[in-house]
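Undergrad: pasting a predicted model and its sequence here:
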Amino acid sequence: MSQINLKPILLGIGFLVVLFFLWIGLTYNDLVQKEAEVAAAWAQVENQYQRRVDLIPNLVNTVKRYMKHEESLLTQITALRSQWAEAKTPSEKIETAQQLDSAVSRLLVVMENYPTLKANEGVNKLMDELAGTENRIAVERERYNQAVTRYNVAIKSFPTVVIASAFGHTSPKPLFKAQAGAEKAPRVFED
């Protein structure tokens, strides 16, 4: 009788086990990298929003002299600035940032009704800074959403979902989304 040589079979099984654990390690590391990309992208979004939040007091103080009857809008913007600074989670910051987007848009529309304000050099400089910041915010939100999408797709894709579930990567990250009604120009005055 011939004896079966177990050595090649055991080596094959050992090789498959090593490949399996290598796959788990590589998949886990990929998830960690994607999560780190989300965190880094979020930090850039926060940096740009902080830049905007830092510009707002100067703009509000400059504009207050011209727009006494727009006090409620300026107060709302100041309150939202504080609310953004106090927000703890990305979801809270996203919600506040969207409200701030809307209020700043209304401010820009209101400012169009003040020719002397539009001619003020200090206001123009602040508005240019704000416009540049708004562009930076848009770019960073897009990068953040791309990183979040890569992460969210990875944690839901098979077979990565198995590793994601085993290591606690099950919660999708929040995306920045346009506010309802963002496709319409803001209304400042009621008809």
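TA: Received the coordinates, thanks. Numbering: from 1, shown residues only.
Undergrad: hey, let's count contacts and neighbours off CA atoms from now on
TA: Fine.
Undergrad: what's the next secondary structure element after the helix or strand of the chain with the lowest mean pLDDT?
TA: Of all helical and strand segments in the chain, the minimum by mean pLDDT, DSSP states H and E falls on helix 115-119, at a mean of 68. Later in the chain than helix 115-119, the nearest helix or strand by DSSP states H and E is helix 121-156.
Undergrad: so where's the chain shaky on pLDDT?
TA: Where the chain drops to pLDDT under 70, the residues are 1-2, 65-70, 117-119, 178-191.
Undergrad: try 90 this time
TA: When residues are selected by pLDDT under 90, those of the chain lie in 1-10, 24, 32, 39-40, 42-142, 155-191.
Undergrad: which residue ranges of it form helices?
TA: For the chain, applying DSSP state H gives helices covering 6-64, 71-86, 90-111, 115-119, 121-156, 160-166.
Undergrad: and those helices as TSV, adding mean neighbour count and distance to residue 176?
TA: Below are the helices of the chain laid out as TSV (neighbours: other CA atoms under 10 Å; distance: least, CA to CA, whole Å):
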stretch	mean neighbour count	distance to residue 176
helix 6-64	16	10
helix 71-86	17	15
helix 90-111	18	7
helix 115-119	12	31
helix 121-156	17	6
helix 160-166	17	23
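Undergrad: for residue 172, find the nearest of those helices.
TA: The closest of the helices of the chain to residue 172 is helix 121-156. By CA to CA, the value is 5.2 Å.
Undergrad: and the angle for the closest one with helix 90-111?
TA: 150 degrees (axes from the mean of the first three to the mean of the last three CA atoms, to 10 degrees).
Undergrad: start at 40 instead
TA: Renumbered: residue one is now 40, and that last one reads helix 160-195.
Undergrad: now do helix 160-195 and helix 45-103, the angle between them.
TA: With the same axes, to 10 degrees applied, the angle from helix 160-195 to helix 45-103 works out at 160 degrees.
Undergrad: just checking, what packs against helix 160-195?
TA: Here helix 160-195 touches helix 45-103, helix 199-205, going by 3 or more CA pairs under 8 Å, 6 or more residues apart in numbering; DSSP states H and E.
Undergrad: which elements pack onto the first one?
TA: Going back to what we said before, that points to helix 45-103. helix 110-125, helix 160-195, helix 199-205.
Undergrad: try it again at 7 Å.
TA: Helices and strands touching helix 45-103, by 3 or more CA pairs under 7 Å, 6 or more residues apart in numbering; DSSP states H and E, are helix 160-195, helix 199-205.
Undergrad: want to try CSV for the ones you listed, with distance to residue 72 as columns?
TA: As requested, the helices and strands packed on helix 45-103 are exported to CSV (distance: least, CA to CA, whole Å):
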stretch, distance to residue 72
helix 160-195, 9
helix 199-205, 13
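Undergrad: and residue 65, which of the ones you listed is closest to it?
TA: helix 199-205 (10.1 Å).
Undergrad: remind me what the closest one packs against, helices and strands.
TA: Against helix 199-205 (3+ CA pairs under 7 Å, 6+ apart) you get helix 45-103, helix 160-195.
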